[in-house]
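K.L.:
my questions are about this predicted structure, shown below with the sequence.
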Amino acid sequence: KLAKCESQLSQKQSILKQKMSVDLNNYKNWDMNSIELYINGLENGRYSKYVAGLLKSFGSDGVVASNLPELDQGILRQFGVNNFADCRDLQKQFNKLGQGNEGGN
């Protein structure tokens, strides 16, 4: 019985992981939910504290996923990422999207 439960749990975890991942090569077509998953998944959740503010700012300013690589540190600061290192490193993560490289998950 235990082995069966472990097997079912493993299958469920695999399905959940699939649903919670985003296709980095298709970032230009992401919706806000995908952007949220992407940012929350970066560097073990390092930028999670900024997600709500970023998504609100993205919505009010008309920022879409294809714009992420264009966001500079000044814009990220305006959107609430006020720690210098976080701002700098998040911009680097966004720039990687535009270069076709995978972000640091």
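P.N.:
Structure received. Keep in mind it's a predicted model, so treat the numbers as computed, not measured.
K.L.:
tell me the helix or strand right after the worst-scoring helix or strand of the chain on mean pLDDT.
P.N.:
Lowest by mean pLDDT, DSSP states H and E among the helices and strands of the chain is helix 2-19, with a mean of 73. Sequence-wise, the next helix or strand downstream of helix 2-19 (DSSP states H and E) is helix 32-41.
K.L.:
same question for the one helix or strand Lys92 maps to: list its buried residues.
P.N.:
Using DSSP H and E, Lys92 sits in helix 84-99. For helix 84-99, burial by neighbour count (16 or more other CB atoms under 10 Å) applies to Asp86, Cys87, Asp89, Leu90, Gln91, Gln93, Phe94, Asn95, Lys96, Leu97. Using the backbone N, CA and C atoms, a C-beta is placed for each residue, glycine as well.
K.L.:
and that helix, how far out from the chain middle?
P.N.:
What separates the centre of helix 84-99 from the centre of its chain is 11 Å, taken as CA atoms, centre = their mean, to the nearest Å.
K.L.:
got a list of contacts for that helix?
P.N.:
With contact meaning CB atoms under 8 Å, 6 or more residues apart in numbering, helix 84-99 is reached by 24, 27, 39, 42-43, 46-47, 50, 68-73, 76-77, 81, 102-104.
K.L.:
repeat that for stretch 58-77.
P.N.:
27-32, 34-35, 57, 79, 87-88, 90-91, 94-95, 97-99.
K.L.:
give me that answer again for 7 Å
P.N.:
With contact meaning CB atoms under 7 Å, 6 or more residues apart in numbering, stretch 58-77 is reached by 27-30, 32, 34-35, 87-88, 90-91, 94-95, 97-98.
K.L.:
which of these sit farthest apart?
P.N.:
The two members of the contacts of stretch 58-77 with the most space between them (CB to CB) are Asn29 and Arg88, at 26.9 Å.
K.L.:
output the below-cut-off pLDDT ranges for the protein.
P.N.:
The chain contains residues with pLDDT under 70 at 13-20, 100-105.
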